[in-house]
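Trainee: Below are the sequence and a predicted model for it; my questions follow.
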Amino acid sequence: MYGVWTPEQVATAEEPVLARTPEGALMRRAAHGAAQVALRMLAEGGPVVGTHVVVLVGAGNNGGDGLWAGVELRRRGVGVTAVLLAPDRAHPAGLAALRKARGRVVTDVEEGVAAVGRADLVLDAIVGTSGRGGLREPAPRLVAAIGCSVLAIDSPSGVDPLTGTVHDEAVTATETVTFGARKPVHVLNRARCGLVTLVDIGLGPELPDAPVRVLDAVDVGRAWPVPGPGDDKYTQGVVGVAAGSAVYPGAAVLASGAAALATSGMVRYAGSAAHEVRAAWPEVVATDHVADAGRVQAWAVGPGLGTGEDGAATLAHVLDAGVPVLADADAITLLGASSDLRARAAGNPVLVTPHAGEFARLVAELDGEFDPAADRVDAARRAAAALGVTVLLKGNATVVAAPDGRVLVHPAGSSWLATAGSGDVLSGVAGALLAAGLEPWWAGGCAAFVHARAAGIGAGRPGAPVPASHVRAAVPDAIREVRAAALAAS
Ligand SMILES: NC(=O)C1=CN([C@@H]2O[C@H](COP(=O)(O)OP(=O)(O)OC[C@H]3O[C@@H](n4cnc5c(N)ncnc54)[C@H](O)[C@@H]3O)[C@@H](O)[C@H]2O)[C@@H](O)CC1
Ligand SMILES: [K+]
């Protein structure tokens, strides 16, 4: 597990470190780390001596990092051109050092565009943690001219460091090197950051508890329920799936199957697709109504449920059952439209798993601002607090927010999981984890992790779509992988 801190928290943590270190030392440390990454990237194309790097230098300390990194690159025989976007405000010490190291300094935009066109590597030092809003001219013109690899210093310019949202013309980095702590942009917008390297500049002891965390394979493997010698099919947790319909049985079959593959000694199914579920998964005990389903340790409710009176009655039944509940799809729409159902869920171990459209319906009747397009971490956190349930907001970066404020982000490597039926698989996996005793925040985080890995494995080689059936079929391999990581780490 690693932490992610807001730019504001990082700036606050920097203050005491700046106060006890010689002037400029912290920036030099950061720049040294950036130069190391740049040298590695250059070396991938052959000898670094004689290559040409362009540093796009903005008005603040981010530009200072870029200039000092340029100084180090000059010392390694790399040709360096610094293009100053705000010539009057370029970091004075860094600029003087680069001139002394015989770096070329350009202030004319046309000359800068030409230099960018000839570069082997661009260092984006336009703006870092203080960047706000869209890039200001002439930055967009220079960014548009980039045709080679880019190393973003701290964060890709034009991408909001706090929310990862993109403003018009923004840098798409091949790699990003960041300092002291990862910031939200690094996990919320992987596509713009590329590979992220964290350089330690000694902030660790000054950082507060991380407001956002990211699970790794070892965390998930350790948390995954494994039956012990004394377990039987009931003690591992029975998951009930209330989903599907006779007309659209796919959701029920996908969710029940995923639950059977994920864990649990037993899966019960209740709903109008009982016949189809039984045919596909003979090990699932299927009935027509939740009232006849027998005892379960958690319910996964919603996919294909319908949003009419029957669906609402089923949802009310499972919310009143006194066990954890995973609510997805139609169950989310029902919750959004009924204060009575929301009251039954509030304060209980309930995990809701909306995509963007379902999220809008979920919060439609709540007071307050919930805008995932502007800030998905903030929106999910507010919704969880307002509803008193754990919210897993699906998307390229999945956010899991507990009502107590804890937030997990799962950054996806691709968006192939945005496919029909994919959410039903996630529901089955998360429901099974709830039945096995994981609290909703962990169940959501572990399910999102394994779901994404199953998509990667199910696709075979990267770069092609993966249908939900293949994602489901790859769930056991994804579990094996995280368990192997946990065993290797112990
Ligand atoms: N404080 C320190 O000693 C350290 C700071 N570090 C670096 O300093 C950076 C933060 O530096 P600053 O606070 O000076 O701020 P930045 O360098 O991130 O940017 C500030 C300047 O960019 C301009 N700006 C803001 N938004 C813009 C936009 N959309 N388009 C164009 N220009 C824009 C502003 O006019 C402002 O002057 C970090 O990201 C990191 O790279 C690192 O060197 C580590 C140590
Ligand atoms: K930058």
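Mentor: Sure, I can see it. Model, not experiment: these values are computed from the prediction. Ligands and ions are numbered 1, 2, ... in the order given.
Trainee: what sits up against stretch 212-229?
Mentor: The contact list for stretch 212-229 (CB atoms under 8 Å, 6 or more residues apart in numbering) reads 1-5, 184, 187, 235-237, 263, 265, 377, 406-411, 433, 436-438, 442, 445-446, 449-450, 453, 479, 481-487, 489. Just so you know, the C-beta spots here come from the backbone N, C-alpha and C atoms, and that holds for glycine as well.
Trainee: Narrow those to just the buried residues.
Mentor: Buried residues within the contacts of stretch 212-229, counting neighbours by 16 or more other CB atoms under 10 Å: 4-5, 184, 187, 236-237, 263, 265, 377, 406-411, 433, 436, 438, 442, 445-446, 449-450, 453, 479, 481-483, 485-486.
Trainee: quick one on the thing from earlier: show me the contacts of stretch 212-229 that map onto strands.
Mentor: 2, 3, 4, 407, 408, 409, 410, 411 (DSSP state E).
Trainee: Out of the residues you listed, which is nearest to ligand 1?
Mentor: Closest approach to ligand 1 among the ones in strands among the contacts of stretch 212-229 (CB to the nearest ligand atom): residue 4, at 14.9 Å.
Trainee: From what I see, the closest one and residue 180 are in contact.
Mentor: No. In this structure, residue 4 is not within contact of residue 180 by CB atoms under 8 Å, at 11.8 Å.
Trainee: May I see the ones in strands among the contacts of stretch 212-229 arranged in a markdown table, with pLDDT as well?
Mentor: Below are the ones in strands among the contacts of stretch 212-229 laid out as a markdown table (pLDDT from 0 to 100):
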| residue | pLDDT |
| --- | --- |
| 2 | 96 |
| 3 | 97 |
| 4 | 98 |
| 407 | 98 |
| 408 | 98 |
| 409 | 97 |
| 410 | 96 |
| 411 | 90 |
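Trainee: Mind putting the residues you listed into a markdown table with distance to ligand 1?
Mentor: Converted to a markdown table, those look like this (distance: CB to the nearest ligand atom, whole Å):
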| residue | distance to ligand 1 |
| --- | --- |
| 2 | 19 |
| 3 | 18 |
| 4 | 15 |
| 407 | 22 |
| 408 | 25 |
| 409 | 20 |
| 410 | 25 |
| 411 | 20 |
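Trainee: Which residues of the protein lie near ligand 2?
Mentor: 124, 152, 153, 157 (CB under 5 Å from the ion).
Trainee: where exactly do the strands run in the stretch 51-200 of the chain?
Mentor: Assigned by DSSP state E, counting those that start in this stretch, the stretch 51-200 of the chain shows strands spanning 52-57, 79-84, 104-106, 121-125, 149-153, 175-179, 195-199.
Trainee: okay, those in CSV with mean pLDDT, mean neighbour count and distance to residue 382 next?
Mentor: Shown next, in CSV, are the strands of the stretch 51-200 of the chain (pLDDT from 0 to 100; neighbours: other CB atoms under 10 Å; distance: least, CB to CB, whole Å):
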stretch, mean pLDDT, mean neighbour count, distance to residue 382
strand 52-57, 98, 29, 36
strand 79-84, 98, 25, 41
strand 104-106, 98, 18, 46
strand 121-125, 98, 29, 32
strand 149-153, 98, 27, 29
strand 175-179, 98, 26, 27
strand 195-199, 98, 16, 27
